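S.K.: One predicted model, sequence on top.
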Amino acid sequence: MIRIVFGLFFCCVAAGGVARGPVAETISPPNVFLITIDTLRADHVHCYGYGPIKTPALDKLAKEGVRFAQAFTPSPITNASHTSILTGLLPSSHGVSDFGIPLSTSHPALAGELKKNGYATAAFIGSVVLDSKQLAPGLDRGFNFYDNFPEDVKSKSRWGRIERRGMDVAQRTEQWLNAQRAGPYFVWMHLYDPHDPYEPPTPYSEEYKGRLYDGEIAYADSALGHFINFLKEKNLYDNSVIVVVGDHGEGLGDHKEDTHGIFLYDSTTHVPLIIKLANGRKAGKTVEAQVRTIDIMPTILGLLGVAVPASLDGDSLEPFFTGLEAAPRAVFGETEYPLQFGWAPLRSIRKEGFKFIEAPKPELYDLHADPGESLNHYEPWNGTVQSLRRALAELSAKSPKTGKTLPTAVSASTIDELHALGYLGSADARSATDVPQPSLLPDPKDKIGEQNLLHTAMMASEDGEPEKARVALEKVLQLDENSAIALRQLGRIEMASGNYSEAAGYLRRARDARPNDATVAIEYGRALESSGDLSGARDALLANLKLNPDQFEVRLQLGRVYLGLNDSNAAEDQFAAAVLLQPGSSEAQINLAKALIHQKKFAEAVALLEVVAEPSSRNPEIFELLAKAYASLGRRQDAQRAQLRAKSLQNSKRPQ
């Protein structure tokens, strides 16, 4: 059915323009290629009027497609913005406002709708932040193949561990297409390069020296050009709908925001959007009307003759192709990322030449007279303010009332990866669910200097520059001496440097600033333990268990502290509790065996260790403990066999 519908659609479009010959009803449905370029400001692309850069691939695509001069994202955060593109929903509708929040199966997604209509679907991502196994759960729904990052990467290089170069992403996409049978295909390709840190490869690092953000954009454009050439060589280009869009922009110091995520000004919400229709339809057209990235999904479905779900917040852009519609569409913006720092979330509406930002200190801008959003005209009795505020209230009233979705549990290593990309996660600050009145929190405008410094510190730590990170964090404390985030990061830096007493001092202050934060309490206890203050560590960890007794890591840590204090009975209790919490944990069982051996309960230790010591076990510590327990029971031959196994495993782990 889709083939017939698409053939008829082409005939209708041709009737409104220059006919290109008869179109058979059995014409193959077009392929769809969605290319999202992360952190791409519209005003840093050549075909959008920016002279100091070369973006030939984007420029050529604009000449062969439809360029939307005024396209806007609803969110300045990668996860939320991409989810909006792939669902046609606002963040308040799809609920993905934070890292690790799963996309609900109740929301139709573009890949799933196309897959149901016979499309082979695949996604290729450039950053671990969109990895569907941890930080973007559910985003892989509807894709036959989703190119996640490998687990347990040992390399400390960011390339391949948390980020892929654009050319790498393009080549992975091309390899998949080469291995497929005939389409149609829906392929999403995500280029992450313009995201900071700005480290373009040569020759872009030299050509754009001093303007490395532009260098990253130019490099991403070259990866896009490589992929476009591939499509042409494979005869896939002409009969394809190609959508290229920025997921959000970059602050670059505008409104004092260095990067993105905090504010809703045009610097981070105005993005390029180019749509090349199949067979060159409407080539070279420019649409000046204001549109949204949430309009992409219904546009693609409409072009293919696929039914558009009624629940979407976006609308098809097809009327702009034919000139039937010219009216700008209201743009809503949302960011909850400030909550990660303990600051108020923001919402905005851009309509009829004005932008209103709902914040503790509200803002109103006349965009015609002041496109840089530099002069705040807010007055509560202003008629425009009241009208736009009413529109935001109506949107809130229509938003789902299912309660806030919490992030899924992510590993400590994944949180470290998030920090390496310059982001805080929900574990770094109070969750939005803990804030009864977010509007009473500090206005992000008053705190942006702190955020810039915290971001600098995170990136410096990732780059192995602890002193640079220390300097930035100490500056944060000059602005806010009780910044739990800065205190915690300083504690981590001192722990990594072996300065355990100094680390404990910072983490104690962080705990005092955030007494109900179990994660801070764990780190404080670990610092005390490492500094030799076992009694202090014991007291801190016991206090932490009062917050939540079902903390596996705390039970393990407290058990080790008790062993250090020669209180093996108490250690046994803690390790036994850990085993109950995670029965399959060999770490908990090994530690419990240690406590049993300390108490000369050798038979119990053997019974426990023999279960853990499977033939496939590669942990020499298990067999060392078994050897000790066997020997104490007089089982000399068993002890010798266990000792030989331990030595064999130790030798196999030594570098050759």
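M.R.: Received it, and whenever you're ready, just let me know what you need. Just so you know, these numbers come straight off a predicted model, no measurement behind them.

S.K.: Alpha carbons of the helix or strand encompassing residue 298, as CSV, please.
M.R.: Using DSSP states H and E, residue 298 sits within helix 296-304. Extracted in CSV, the C-alpha atoms of helix 296-304 (Å, rounded to 0.1, in the frame of the first residue of the first chain):
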residue,chain,number,x,y,z
ILE,A,296,10.2,16.2,11.7
MET,A,297,8.5,12.9,12.6
PRO,A,298,5.0,13.8,11.3
THR,A,299,6.7,15.3,8.2
ILE,A,300,8.5,12.1,7.3
LEU,A,301,5.5,10.0,8.0
GLY,A,302,3.3,12.3,5.9
LEU,A,303,5.7,12.2,3.0
LEU,A,304,5.6,8.4,3.0
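
S.K.: who are the neighbours of it, in terms of helices and strands?
M.R.: Packing contacts for helix 296-304, counted by 3 or more C-beta pairs under 8 Å, 6 or more residues apart in numbering; DSSP states H and E, involve helix 2-15, strand 31-37, helix 78-87, helix 110-116, strand 240-246, helix 318-322. In this view, the C-beta of every residue, glycine as well, is placed from N, C-alpha and C.

S.K.: May I see these arranged in CSV, with mean pLDDT and distance to residue 493 as well?
M.R.: Converted to CSV, the helices and strands packed on helix 296-304 look like this (pLDDT from 0 to 100; distance: least, C-beta to C-beta, whole Å):
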stretch, mean pLDDT, distance to residue 493
helix 2-15, 43, 57
strand 31-37, 98, 33
helix 78-87, 97, 26
helix 110-116, 96, 41
strand 240-246, 98, 34
helix 318-322, 91, 52
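
S.K.: so which of the ones you listed gets nearest residue 449?
M.R.: Closest approach to residue 449 among the helices and strands packed on helix 296-304 (C-beta to C-beta): helix 78-87, 23.3 Å.

S.K.: List the buried residues for stretch 113-124?
M.R.: For stretch 113-124, burial by neighbour count (16 or more other C-beta atoms under 10 Å) applies to 113, 114, 115, 117, 119, 120, 121, 122, 123, 124.

S.K.: residues contacting the third one?
M.R.: Which is residue 115. Contact analysis of residue 115 by C-beta atoms under 8 Å, 6 or more residues apart in numbering lists 121, 142, 143, 144, 186.

S.K.: you'd agree the third one is up against residue 123?
M.R.: When you say that, I think you mean residue 143. Yes. The criterion here is C-beta atoms under 8 Å, and residue 143 meets it with residue 123 at 4.9 Å.

S.K.: shared neighbours, the two?
M.R.: 111, 188.

S.K.: follow-up on the earlier one: what's the helix holding residue 298 in contact with?
M.R.: When contacts are defined by C-beta under 8 Å, 6+ apart, helix 296-304 is touched by residues 2, 5-6, 9, 29-30, 32, 34, 85-88, 110, 113-114, 117, 241, 243, 245, 273, 275, 277-278, 307-308, 312, 314-318.

S.K.: ok, of these, which come out buried?
M.R.: Among the contacts of helix 296-304, those classed as buried by 16+ other C-beta under 10 Å are 2, 6, 9, 29-30, 32, 34, 85-88, 110, 113-114, 117, 241, 243, 245, 273, 275, 277-278, 308, 312, 314-318.

S.K.: export stretch 314-329 as CSV, just CAs?
M.R.: Extracted C-alpha coordinates of stretch 314-329, given in CSV (Å, rounded to 0.1, in the frame of the first residue of the first chain):
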residue,chain,number,x,y,z
GLY,A,314,4.4,18.4,16.2
ASP,A,315,2.8,18.9,12.8
SER,A,316,3.9,18.0,9.3
LEU,A,317,5.9,20.6,7.4
GLU,A,318,4.5,19.5,4.1
PRO,A,319,2.2,22.6,3.7
PHE,A,320,5.4,24.8,3.7
PHE,A,321,6.7,22.8,0.7
THR,A,322,3.7,23.7,-1.4
GLY,A,323,3.2,27.2,-0.1
LEU,A,324,-0.2,26.4,1.5
GLU,A,325,1.1,27.5,4.9
ALA,A,326,3.3,30.4,5.8
ALA,A,327,2.2,31.2,9.4
PRO,A,328,4.9,30.6,12.0
ARG,A,329,4.3,28.0,14.7
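
S.K.: Would you map the strands across the chain?
M.R.: For the chain, the strands defined by DSSP state E cover 31-37, 66-72, 120-124, 145-147, 185-191, 240-246, 270-276, 285-292, 331-335, 346-351, 354-358, 363-366.

S.K.: Contacts made by the first one with the rest, please.
M.R.: Outside of strand 31-37, the residues that reach it under the criterion C-beta under 8 Å, 6+ apart are 82, 85, 110, 114, 119, 183-191, 193-194, 217, 220, 224, 227, 231, 236, 239-247, 272, 296, 300, 304.

S.K.: so where's the stretch 351-500 of the chain uncertain?
M.R.: Within the stretch 351-500 of the chain, the segments meeting pLDDT under 70 span 401-415, 417, 420, 425-439.

S.K.: Centre of the chain to stretch 48-56, how far?
M.R.: Chain-centre distance of stretch 48-56: 28 Å, with C-alpha atoms, centre = their mean, to the nearest Å.

S.K.: ugh, wrong one, I meant stretch 239-253
M.R.: Its chain's C-alpha centre and that of stretch 239-253 lie 16 Å apart, by C-alpha atoms, centre = their mean.

S.K.: my read: residue 186 touches residue 121, true?
M.R.: Yes. If you go by C-beta under 8 Å, residue 186 and residue 121 touch, sitting 4.7 Å apart.
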